[in-house]
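# The following block contains a protein sequence and its predicted model.
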Amino acid sequence: MATIDLSPCRAVTPEEVAHYKQNGWVQLRSFVDPAMLEALLAKAVGIMGEDGDSNPPYGIDQPYFNAQLGNGYADPAVRPLFGPIGQAAKLLMDRRSGTGVRLFNDFFAPKLPAAKKTRNQGNGPTSFHQDFITFAVDRSGGFTTWIPLEAYGPEAGTMSFINGSHKLGILGNYSAYDGKDIREVWPELNDLEVSDPIDYALGDVTVHSHMCVHGAGTNQLDRPRWAYLVLPQPADARWNGAPPEAFDPAAHNMTPYGEFPDEAFPIIA
Ligand SMILES: O=C(O)CCC(=O)C(=O)O
């Protein structure tokens with residue numbers, strides 16, 4: 001059988017897949033070659049400035065981070081990342097039908113320093129939330145590959161996860177809790193363990209299911225916490241017709257319960 005070239009990443013292990021299935025998230029240590037991270041950081045700084053705050057607004061204003069489209073698939077320097085992420089996604093999604101993987105979205109998400117007055121929003125904490133409902137897709141299986149572009153610890157506002165929360169069903173949109181913490185709205189989350197904020201060495205990433213509740217503290221550094229987020233979906237996921245945050249159905253001539261067009265949302269595994 002022909003072997004698939006996984007550079008600039010590595011294969012995920014059966015233990016990592018098991019951790020993901022049990023907890024809804026997993027840390028993949030030394031997953032990405034630091035040379036790719038360097039290229040991504042240079043690209044991010046080129047678009048957003050050294051301060052991660054010199055870009056025009058992206059249209060999603062919230063305290064978690066200052067978002068900017070990555071458009072990495074069109075960039076020959078970044079594109080090699082998507083094949084290996086697709087292969088990892090196939091194992092993590094583990095669809096018995098053998099269904100493939102679609103690239104849904106990729107964007108830079110610098111969390112800006114809490115102590116600085118910023119131009120764009122994005123210098124607050126990431127309140128605990130579940131992603132699924134914001135993506136307006138008709139089935140679960142999608143996840144976020146959260147790729148820090150430098151080594152970061154908790155003081156930078158790194159990710160924490162509520163272990164096993166992906167098994168609780170769909171918990172609503174983060175904007176629909178009337179200012180309450182998700183754990184007040186869904187007290188059953190308090191029966192579950194919360195992971196410590198992750199320590200990411202250079203090359204480490206985390207993957208969290210769009211059903212897994214996660215959050216992060218503020219960035220206490222005096223510079224941005226740079227992260228690049230890559231979101232695969234099962235290839236057969238369809239737009240459910242609700243207003244989506246992450247894509248513009250009109251721009252792609254999409255219809256409710258129609259497929260995502262391959263040209264804009266490429267198949268990566
Ligand atoms: O980067 C962060 O602080 C939050 C990321 C997040 O909420 C997400 O990936 O859904």
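It's in. All values reported here derive from a predicted model rather than from experimental measurement.
# The biggest helix by length in the chain near the ligand at all?
Of all segments of type helix in the chain, defined using DSSP state H, the longest is helix 34-48. No - applying Cβ under 6 Å from any ligand atom, one finds helix 34-48 out of contact with the ligand, separated by at least 13.3 Å. Quick note: C-beta positions are derived from backbone N, CA and C, even for glycine.
# average pLDDT for that helix?
Mean per-residue pLDDT for helix 34-48: 98.
# How about the contacts made by residue 49?
Applying Cβ atoms under 8 Å, 6 or more residues apart in numbering, we find residue 49 in contact with residue 55.
# that older thread, name the helices or strands packed onto the longest helix of the chain?
strand 68-69, strand 101-108 (3 or more Cβ pairs under 8 Å, 6 or more residues apart in numbering; DSSP states H and E).
# Would you convert those into JSON lines that also reports mean pLDDT, distance to the ligand and mean neighbour count?
Shown next, in JSON lines, are the helices and strands packed on helix 34-48 (pLDDT from 0 to 100; distance: least, Cβ to the nearest ligand atom, whole Å; neighbours: other Cβ atoms under 10 Å):
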{"stretch": "strand 68-69", "mean pLDDT": "95", "distance to the ligand": "13", "mean neighbour count": "16"}
{"stretch": "strand 101-108", "mean pLDDT": "98", "distance to the ligand": "10", "mean neighbour count": "23"}
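# Tell me how many other residues surround the residue of the stretch 51-200 of the chain found nearest the ligand.
The ligand sits closest to residue 126 of the stretch 51-200 of the chain, with a gap of 3.7 Å, by Cβ to the nearest ligand atom. Other residues within reach of residue 126, judged by other Cβ atoms under 10 Å, total 22.
# My guess is it contacts residue 213. True?
No - counting by Cβ atoms under 8 Å, residue 126 does not reach residue 213; the two are 11.2 Å apart.
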